[in-house]
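> Provided below are the primary sequence and the corresponding predicted coordinates.
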Amino acid sequence: MTTLADVCELIIDSEHKTAPKAPEGYPMVRTTDIERGKLNLRSALRVGEAAYRSWTARAVPKPSDLILAREAPVGNVGIIPPGAEPCLGQRTVLLRPNQGLIEPLYLNYLLSGPELRGRMEALSNGSTVPHLNMGDIRLLELPKLPVLSTQRRIASILSAYDDLIENNTRRIQILEEMAQAIYREWFVEFRFPGHEGARMVDSELGPIPEGWQVAAIGDTVKTLGGGTPSRDVAAYWQGGAVTWYTPTDLTKSGTMFIEDSAAQITELGLARSSATLFPAGSVMMTSRATIGVVAISVPPAATNQGFIICVPNDVLGQYHLYFWLKSNVELFL
């Protein structure tokens, strides 16, 4: 049996308090900044020099170290990239792989995989808020390790796919920006194909093309809100399979379509709260904690109370709704 402690030089917990924030400085990695396999340092809070020195007194996190989330959600892990100088936020753990035994990137993929994620989630069950204790982290059993050369080959192949995914994601974002520009050209500036021959008529919003209508969004599509099941009832959360978004899910994703949420709730949690299950393809906009982030849900899902959800129909489809919301964010601020 090989445990995580066997292949790591260092496994240490974060401070059990919040570091004082600063407008600029070193990134402080919170559990919400840990994505599967990566750290999202762009959204991380910052700490000043004094706080950084204090919070890294036991160990200075360095590239190729891993940061693991003990809760919210349990088991997310990311590797520190070259050049980064982060410190640990609450409920995180620093892992320093022994590179004579295990390739750090290989360990990163191993811990991100379904087998070890499942083990960590199983170890965290039994409490109201799923939480990994340090003893269970150190004794986490690992599958039999291949030799280092094979570990490096596996990590190299997987990272090449990750790079391809990242490049494609950037291309998709460019295409979304182009689509947004077309939307504004056609539906805001009214320079749609054939606009030269269109007759403009007066409306309460100003001149619009003849045949177009002005209507409230609530009169055109169904709008919904969200809710949060009680955190004190384990049956609302443990083993949940209902996708349940928070604003952080959307801000971290940064894409038009989203299908994964950091937390899931049970059918009982859905029934016993104000959360509402809405159909796949519905358009969500955050209404608090960063107002105006918009995304389309791939699966049927629910949200917490920080959202307005618009359900597309034959009058307004999902793309039209998406770009309308994106173009009118200032109306909701």
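It's in. Numbers count the residues shown, from 1 in each chain.

> contacts, neighbours, all on C-alpha from now
Fine.

> check contacts around R152.
103, 105-106 (CA atoms under 8 Å, 6 or more residues apart in numbering).

> what's the pLDDT at it?
Looking at R152, its pLDDT is 97.

> write the PyMOL selection for whichever of the contacts of R152 are buried.
Selection command for PyMOL covering only the buried members of the contacts of R152, criterion 16 or more other CA atoms under 10 Å:
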select buried, resi 103+105+106
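
> rebuild the contacts of R152 as a markdown table, extending it with distance to S112, secondary structure and pLDDT.
Rendered in a markdown table, the data for the contacts of R152 read as follows (distance: CA to CA, whole Å; DSSP: H, G, I helix; E, B strand; the rest coil; pLDDT from 0 to 100):
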| residue | distance to S112 | secondary structure | pLDDT |
| --- | --- | --- | --- |
| E103 | 14 | coil | 97 |
| L105 | 11 | helix | 96 |
| Y106 | 10 | helix | 97 |
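
> start to end distance for stretch 228-243?
One end of stretch 228-243 to the other measures 12 Å (CA to CA, to the nearest Å).

> pull out the buried positions in stretch 15-33.
Applying 16+ other CA under 10 Å to stretch 15-33 flags 15, 19, 25-33 as buried.

> show me what the helix or strand where D6 lies packs onto, helices and strands only.
Using DSSP states H and E, D6 sits in helix 4-7. Secondary-structure packing of helix 4-7 (3 or more CA pairs under 8 Å, 6 or more residues apart in numbering; DSSP states H and E): helix 134-138.

> mean confidence for the helix or strand following the helix it packs on?
Note on helix 134-138: by DSSP H and E, the next helix or strand toward the C-terminus is strand 141-142. For strand 141-142, the mean per-residue pLDDT is 94.

> skip ahead from strand 141-142 and say which helix or strand is next.
helix 148-183.

> closest one of the contacts of R152 to L68?
L105 (13.7 Å; CA to CA).

> my guess is the closest one contacts I79, does it?
Yes: contact criterion CA atoms under 8 Å: L105 and I79 qualify, at 7.3 Å.

> who touches both of the two?
By CA under 8 Å, 6+ apart, the residues touching both L105 and I79 are S64.

> outline the domain layout of the protein.
Listed domain ranges for the chain are 2-145, 215-332 (source: automatic domain parsing).

> give the rounded mean pLDDT of the last one.
Meaning domain 215-332. Over the span of domain 215-332, the pLDDT mean works out to 92.

> distance between the ends of it?
Domain 215-332 end-to-end distance (CA to CA) = 17 Å.

> now distance to V311 too, for the contacts of R152, in a markdown table please.
Shown next, in a markdown table, are the contacts of R152 (distance: CA to CA, whole Å):
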| residue | distance to V311 |
| --- | --- |
| E103 | 46 |
| L105 | 41 |
| Y106 | 42 |
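
> C-terminal to the helix holding D6, what's the next element?
Heading C-terminal from helix 4-7 (DSSP H and E), you reach strand 8-13.

> now that following strand: buried residues?
8, 10-13.

> ok, stretch 33-49 next?
Going by 16+ other CA under 10 Å, stretch 33-49 has these buried residues: 33-41, 44-48.

> check stretch 206-216 too.
For stretch 206-216, by 16+ other CA under 10 Å, it's I208.

> mind listing residues that contact it?
Defining contact as CA under 8 Å, 6+ apart, one finds that stretch 206-216 is touched by 190, 198-205.

> one step back: of the buried residues of strand 8-13, the lowest pLDDT goes to which?
Scoring the buried residues of strand 8-13 by pLDDT puts D13 last, at 92.

> and the closest residue to that residue other than its chain neighbours, how far is that from P86?
Distances taken as CA to CA, 6 or more residues apart in numbering put V93 closest to D13, at 4.6 Å, once the chain neighbours are dropped. Using CA to CA, one obtains 13 Å as the distance from V93 to P86.

> sorry, back to before: which SSE is the residue nearest to D13 in?
Applying DSSP H and E, one finds V93 within strand 92-97.

> ok, that strand: who's next to it in the sheet?
Applying DSSP bridges, strand 92-97 is found paired with strand 8-13 (antiparallel), strand 66-69 (antiparallel).

> check contacts around the residue nearest to D13.
11-14, 67-70.

> go on, L268?
Counting by CA under 8 Å, 6+ apart, L268 has contacts 235-236.

> does it belong to a helix, a strand or coil?
helix (DSSP: H, G, I helix; E, B strand; the rest coil).

> would you mind measuring from it to P130?
18 Å.

> go on, A160?
Per CA to CA, A160 is found 33 Å from P130.

> so for the two, which sits in the more crowded spot?
P130 (21 against 11; other CA atoms under 10 Å).

> wait, the more buried one touches S124, no?
Yes: P130 lies in contact with S124 (CA under 8 Å); the separation is 4.9 Å.

> shared neighbours of the two, anything?
Joint contacts of P130 and S124 (CA under 8 Å, 6+ apart) are V74.

> okay, the closest residue in space to I67 that isn't next to it in sequence: pLDDT?
Counting by CA to CA, 6+ apart, L94 is the residue found nearest to I67 once chain neighbours are left out, at 4.8 Å. In this model, L94 is scored at 96, pLDDT.
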